[in-house]
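# Could you work out the structure for the sequence below:
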Amino acid sequence: MARTSKSLSTKKSGTAMVKQYDEHTKLHELFVEELKDIFWAEKHLLKALPKMAKAATSTELANAFQDHSEQTENQIARLQEVFEMLDMAARAKKCEAMEGLVKEAMNAIEDTEKGTSTRDAALIISAQKAEHYEIASYGSLVQLAKTMNRMDIADVLHETLDEEKETDVHLTEIAESSININAQREEE
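Numbers count the residues shown, from 1 in each chain. Okay, the predicted model is just below:
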């Protein structure tokens, strides 16, 4: 069977043998499936972020959701770039986890009173759950790309990983600076 130019070969790197990227492995297959999963997740979250921004009481939180919506569009474009780097069409596979996380966020909006800091606290919790899922996904994809000796792909995905971590920290700062304190003061 003929292999592509990405075929399995070895080259000497110090004292260890480094395997070159091979797209004919189960690890590559897993990587692609996880890539499809996060691609769907990002697109699904992108649809929910404007609803979350509209439901937010705090202008700062609404702005954070709007900013993250723009950032998510860039992250989707980066994922499309990774698919291109793999010589594949960008395809999504339904992400059950993100579907559930977005549903939780919508339930948080329905279950809390409009115009309250309690609603904002619930929105932050929902958003951070989604961020933590994305952090885990991108962290794993970066490591798989490194294992497959695709540092070019790892670098692209790491940029998104850093953004997801920054968003998580920003949401914590918003919660700690005012929202949680204000929510504590709200009566039932």
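# how many other residues sit next to Asp111?
Per other Cβ atoms under 10 Å, the neighbour tally for Asp111 reads 11. Where you see a C-beta, it was placed from the backbone N, CA and C, and this is true even at glycine.
# for it, what are its contacts?
By Cβ atoms under 8 Å, 6 or more residues apart in numbering, the contact list for Asp111 reads Ala122.
# Please determine how far it is located from Arg119.
Look at Asp111 and Arg119: by Cβ to Cβ, to the nearest Å, they are 9 Å apart.
# for Leu141, same thing?
From Leu141 to Arg119 the distance is 33 Å (Cβ to Cβ).
# So for His68, what's the nearest residue that isn't a sequence neighbour?
Thr167 (5.5 Å; Cβ to Cβ, 6 or more residues apart in numbering).
# same thing with Pro50?
Computed as Cβ to Cβ, 6+ apart, the closest residue to Pro50 that is not its neighbour in sequence is Ser69, at 6.3 Å.
# thought that neighbour was touching Leu46?
Yes - counting by Cβ atoms under 8 Å, Leu46 is a contact partner of Ser69 at 6.4 Å.
# Quick one, grab the pLDDT at the residue nearest to Ala90 when sequence neighbours are not counted.
Spatial nearest neighbour of Ala90, excluding adjacent residues (Cβ to Cβ, 6+ apart): Phe83 at 4.1 Å. pLDDT, Phe83: 97.
# Phe83 sits in which helix or strand?
helix 59-85 (DSSP states H and E).
# avg pLDDT for the helix or strand just after that helix?
Counting by DSSP H and E, the next helix or strand C-terminal to helix 59-85 is helix 96-111. Helix 96-111 carries an average pLDDT of 98.
# start at 565 instead
OK, 565 is where the count begins now, so the last one is helix 660-675.
# still on that earlier bit, thought the residue nearest to Ala654 was touching Phe595?
No - judged on Cβ under 8 Å, Phe647 makes no contact with Phe595 at a distance of 11.4 Å.
# Now do His592: how many residues are near it, please.
Neighbour number of His592 under other Cβ under 10 Å is 17.
# can you state the direction angle for the helix or strand where it lies and helix 660-675?
If you go by DSSP H and E, His592 is part of helix 590-619. With axes from the mean of the first three to the mean of the last three Cα atoms, to 10 degrees applied, the angle from helix 590-619 to helix 660-675 works out at 10 degrees.
# Glu606 and Glu727, how far apart?
In this view, Glu606 and Glu727 are 11 Å apart by Cβ to Cβ.
# shared neighbours of those two, anything?
Gln639.
# ok, and the closest non-adjacent residue to the most centrally placed residue in the chain?
The residue lying closest to the centre of the chain (Cα atoms, centre = their mean) is Glu698, at 3.1 Å. Of all residues not flanking Glu698 in the chain, Glu728 sits nearest, at 4.6 Å (Cβ to Cβ, 6+ apart).
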